[in-house]
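In: I'd like to go over a predicted model; first the sequence, then the structure.
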Amino acid sequence: MAERLIVVGGDAAGMAAASQARRRRDGADLEIVAFERGHFTSYSACGIPYWISGLVPDRDALIARGAVTFREQFDIDVRLRHEVTAIDLDRREVVARDLDGGGEVRAGFDSLVYATGAVPVQPEWARGGIAGVFGVQTLDDGAALLGWLDREPRPRRAVVVGGGYIGVEMAEALLQHGLSVDLVEQGAQPMSTVDPDMGELVAAALRKVGISIRSGLTVTGLQERDGRIAAVVTAEGPIPADVVVLGLGVRPNTALAAAAGLPLGPTGGIRTDLRMRVPGMPGVWAAGDCVETLHRVSGLPVHIPLGTHANKQGRVAGINIGGGYATFPGVVGTAVTKVCDLEVGRTGLREPDAAAAGFEFVTVRAESTNRAGYYPGARPMTVKLIAERPGGRLLGAQIVGWSEAAKRIDALAVALWNGMTVDEMTALDLGYAPPFAPVWDPVLIAARRAVDALSRTER
Ligand SMILES: Cc1cc2nc3c(=O)[nH]c(=O)nc-3n(C[C@H](O)[C@H](O)[C@H](O)COP(=O)(O)OP(=O)(O)OC[C@H]3O[C@@H](n4cnc5c(N)ncnc54)[C@H](O)[C@@H]3O)c2cc1C
């Protein structure tokens, strides 16, 4: 008789695990059932801002593989609109509610992949269900927001609450959709994934395109009029809004896991070993936004909910379930985004992270350009490096600049991953031609600056 793998959560991590397991074991050997409470599998939440802005024409472009494809081509039994409500590890059984048809399904398992993602942080004031207030976690959220934006009378004023990368991307999307946008952020600057001095560059770019930045301001409530949103309430008074988008961050979705006794780590994410097994729980795997992982620079557990990790972790779980061998060795915290034409990249530790982890360090900022100064389209680029003192090991890097800026972070991520010092980095053989870089690439200039700064601290 075939073993059965149950997957809870049918997006990036869950379906990557299911697909990899299937590639290695056929249906006669391994039956795979995936429960997904939403309407879609393998969709790109990452693409939602570009769908809202109008750049991506329709929702279906964001679906990599639908349930029918999984059933017909992968022999994976996907049960959409089925929410798993309990996991019984002793009986090795899950209970799922059929959200459309009603009723309950019980299914036994030999292996289980827990891949429920993350849940948006929702303060008390955001829980009232006021019409015109949206999250952007799922394609259904995106469709609901678009429906609101395109109905009459058309909303004109948007307020985005939270200036993380999703808030910033949504601010741009709403602007491009034709609305005026206020971005409210309680920290000193938007984009808290970079240090405030780099965040200031992002804030300046947002202002330049017409987004009003209200930083250092906390939202304390919402006001409604005639059953729809009218304003967000702050200590500095109300900010009028016809639509509000919440981007207050996410936390691991672990309620079901915790109830089943799966171990949670200090970040609140599920603990796993390198093969994505849940320790002490034979046959139980976890992957994606619901787990915590190792930060390879600080050595500390972190919860960094990104699609890139979810896909890799799911793949690792699936390979192992399929009888292969794979590990997920942790992250260095690399991420990129853009605000209109301004690109932002970051990897490793920010200054406060490096201090909290106990490092001594120097920081440098190098101002340069993305192309040779004389080449058409040359635009400014700022590279910030954080290097350990006195040895010079790279601890973190941030880049803000115009085209070709963000993906330069990848070279720095590789240097970081391999524990390179800034001194070693000054000799890196990076590509050069005038359309792509000045003769000294901004990354090399920053590395040289860091070497200088280190030598000054030695004197
Ligand atoms: C607007 C936006 C932009 C983003 N941009 C980027 C980006 O540019 N780059 C990047 O790397 N990442 C980005 N991300 C993050 C990325 O989308 C997530 O990290 C990724 O989707 C995580 O995959 P996952 O499978 O772990 O979780 P999810 O994608 O959240 O999938 C979990 C699934 O589990 C289902 N589920 C939960 N509980 C149950 C249950 N009890 N029963 C059945 N089903 C359940 C959910 O419905 C969901 O479909 C973005 C996210 C958003 C919201």
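Out: Thanks, I have it.
In: can you get me a residue count around V414?
Out: Look at V414: counted by other CB atoms under 10 Å, it has 14 neighbours. Where you see a C-beta, it was placed from the backbone N, CA and C, and this is true even at glycine.
In: that one in helix, strand or coil?
Out: What DSSP: H, G, I helix; E, B strand; the rest coil gives for V414 is helix.
In: how close does it sit to V443?
Out: Separation of V414 from V443 (CB to CB, to the nearest Å): 11 Å.
In: now L30
Out: The gap separating L30 from V443 is 46 Å, by CB to CB.
In: for R225, same thing?
Out: Computed as CB to CB, the R225 to V443 distance reads 52 Å.
In: L30 and V443: which is more packed in?
Out: Using other CB under 10 Å, the more surrounded residue of L30 and V443 is V443, with 25 against 21.
In: my read: the more buried one touches K407, true?
Out: No: V443 lies out of contact with K407 (CB atoms under 8 Å); the separation is 11.4 Å.
In: please tell me the pLDDT value assigned to the residue nearest the centre of the chain.
Out: In the chain, the residue lying closest to the centroid (CA atoms, centre = their mean) is L306, at 3.2 Å. You'll see L306 listed with a pLDDT of 98.
In: excluding its backbone neighbours, what's nearest it?
Out: A335 (6.5 Å; CB to CB, 6 or more residues apart in numbering).
In: neighbours of R79, how many?
Out: R79 is flanked by 19 other residues according to other CB under 10 Å.
In: and it, what does it touch?
Out: 33-36, 96, 105 (CB atoms under 8 Å, 6 or more residues apart in numbering).
In: which residues does V250 bridge with?
Out: In this structure, V250 bridges to P120 when assessed by DSSP bridges.
In: tell me where the stretch 151-300 of the chain has helices.
Out: Assigned by DSSP state H, counting those that start in this stretch, the stretch 151-300 of the chain shows helices spanning 165-176, 196-208, 255-260.
In: can you mark which positions in the longest one are buried?
Out: The neighbour-count criterion (16 or more other CB atoms under 10 Å) identifies 196-203, 205-206 as the buried residues of helix 196-208.
In: helices or strands up against it?
Out: helix 165-176, strand 212-215, strand 335-339, strand 342-348, strand 380-388, strand 394-401 (3 or more CB pairs under 8 Å, 6 or more residues apart in numbering; DSSP states H and E).
In: and the first one, average pLDDT?
Out: The predicted model gives helix 165-176 an average pLDDT of 96.
In: in terms of secondary structure, what does the host helix or strand of P352 contact?
Out: P352 is located in helix 351-356, with elements delineated by DSSP states H and E. Contacts defined by 3+ CB pairs under 8 Å, 6+ apart place helix 351-356 against strand 361-369, strand 394-401.
In: mind listing what's buried along it?
Out: Of all the residues in helix 351-356, those buried under the rule 16+ other CB under 10 Å are 351, 353-354.
In: which stretch of helix or strand covers P376?
Out: Using DSSP H and E, no helix or strand contains P376.
In: give me the distance from stretch 125-134 to the chain's centre.
Out: Stretch 125-134 has its C-alpha centroid displaced from the chain centroid by 23 Å (CA atoms, centre = their mean, to the nearest Å).
In: end-to-end on it?
Out: 13 Å (CA to CA, to the nearest Å).
In: quick check: closest non-adjacent residue to the residue of the stretch 101-250 of the chain found nearest the ligand.
Out: Closest approach between the stretch 101-250 of the chain and the ligand, counting by CB to the nearest ligand atom: G117, at 2.2 Å. Spatial nearest neighbour of G117, chain neighbours left out: D289 (4.4 Å); criterion: CB to CB, 6+ apart.
In: neighbours around the one you found, how many?
Out: For D289, the count of nearby residues is 27 (other CB under 10 Å).
In: for it, what are phi and psi?
Out: phi -60, psi -10 (degrees, to the nearest 10).
In: my read: it touches R251, true?
Out: No: with contact defined as CB under 8 Å, D289 does not count as touching R251 (9.1 Å).
In: who touches both of those two?
Out: Common contacts of D289 and R251, defined by CB under 8 Å, 6+ apart, comprise A118.
In: re the thing from before, which of the buried residues of helix 351-356 lies closest to the ligand?
Out: D353 (19.0 Å).
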